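Q: no sequence on this one, just coordinates:
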């Protein structure tokens, strides 16, 4: 028996509950079926949410190519004692696009869908749980490349962000794909450079910001290493890290065309299509 805030909970019962939620989330994604809400009681803590995520990863018919790192909405940070969260990115939903090119990415019709401009870091080394003491290393030594790119955030749950980080984490971090754009040439010497980033959707400017690579990339990579160590997850060399929304989270619909521009680094387009059932 486990004691949770003064209430005793049977461990087997809790495991059954988490597994049932995972099965419903995986089924909704595989069948491209929208959900009217969270498929069960919301987890009470991040640990349970990550447990659901791990269960879903174990049955998902694809391998992980990377991890998204996102921010915990400010309204939830004090409650859960966390500023960041993470979710898996799968290989079949990972696509590269060249300068000036356009790539198609699928999202859930009737669910949540958005685009986020992001820097993407690639691990140069493999890191097993607990193998790295971050106080004794330089993050740049762990990375081979930084790219400009975008995350496709999408979930069968239209209200996933309103439900908060436990819903987001348990549904693969609200991730539906990764767009890897052009490499940032000479990235190590440009980490502190202030870069203007802009996103348009169907010709309308929806977000603009100025940001440097260093703070966001280093924070995301450091967080992911620590989180994976705690979860017993190995990070292979070549793993991609989507390092967090820069100009914001921009809603899109099926059929929308987004343009992502990193001043001096590159521009690419994302055409949004409807997610189809995988089975």
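A: Looks like it came in fine. Since we're looking at a predicted model, the values are computed, not measured.
Q: Contact partners for residue 87?
A: Applying Cβ atoms under 8 Å, 6 or more residues apart in numbering, we find residue 87 in contact with 53, 67, 68, 70, 168, 169, 171, 172, 173, 174, 175. Yep, even glycine has a C-beta here, placed from its N, CA and C like the rest.
Q: Could you rerun that using 10 Å?
A: When contacts are counted by Cβ atoms under 10 Å, 6 or more residues apart in numbering, residue 87 touches 50, 53, 56-57, 67-70, 151, 153, 168-175, 242.
Q: cool, and residue 173?
A: Each residue near residue 173 by Cβ under 10 Å, 6+ apart is listed here: 49, 53, 67-70, 85-89, 151, 153, 155, 165, 242.
Q: cool, and residue 141?
A: Residue 141 neighbours (Cβ under 10 Å, 6+ apart): 124, 125.
Q: looking at this, it is in a helix?
A: Yes - checked against DSSP: H, G, I helix; E, B strand; the rest coil, residue 141 lies within a helix.
Q: Tell me the confidence at it?
A: pLDDT for residue 141: 96.
Q: circling back to that earlier point, by neighbour count, which of the contacts of residue 173 wins?
A: Of all the contacts of residue 173, the most densely surrounded is residue 242 (33 neighbours; neighbours counted as other Cβ atoms under 10 Å).
Q: Could you report the distance from that residue to residue 33?
A: Going from residue 242 to residue 33 by Cβ to Cβ, to the nearest Å gives 25 Å.
Q: For the spatially most central residue of the chain, which three-state class applies?
A: In the chain, the C-alpha nearest the mean C-alpha coordinate belongs to residue 68, at 2.8 Å (Cα atoms, centre = their mean). What three-state DSSP gives for residue 68 is strand.
Q: Was I right to think it contacts residue 239?
A: No - under the criterion of Cβ atoms under 10 Å, residue 68 is not in contact with residue 239, lying 11.7 Å apart.
Q: so of the contacts of residue 173, which ones are in strands?
A: 67-70, 85-89, 151, 153, 155, 242 (DSSP state E).
Q: The residue nearest to residue 102 when sequence neighbours are not counted bridge partners, please.
A: Nearest-residue entry for residue 102: residue 269, 3.5 Å, with adjacent residues in sequence omitted and distances by Cβ to Cβ, 6 or more residues apart in numbering. Taking DSSP bridges as the rule, residue 269 bridges to residue 102, residue 259.
Q: Kindly tell me how buried residue 269 is, as a neighbour count.
A: Residues near residue 269, counting by other Cβ under 10 Å: 18.
Q: ok, now the one 3 residues further on?
A: Residue 272 has 23 neighbouring residues, counting by other Cβ under 10 Å.
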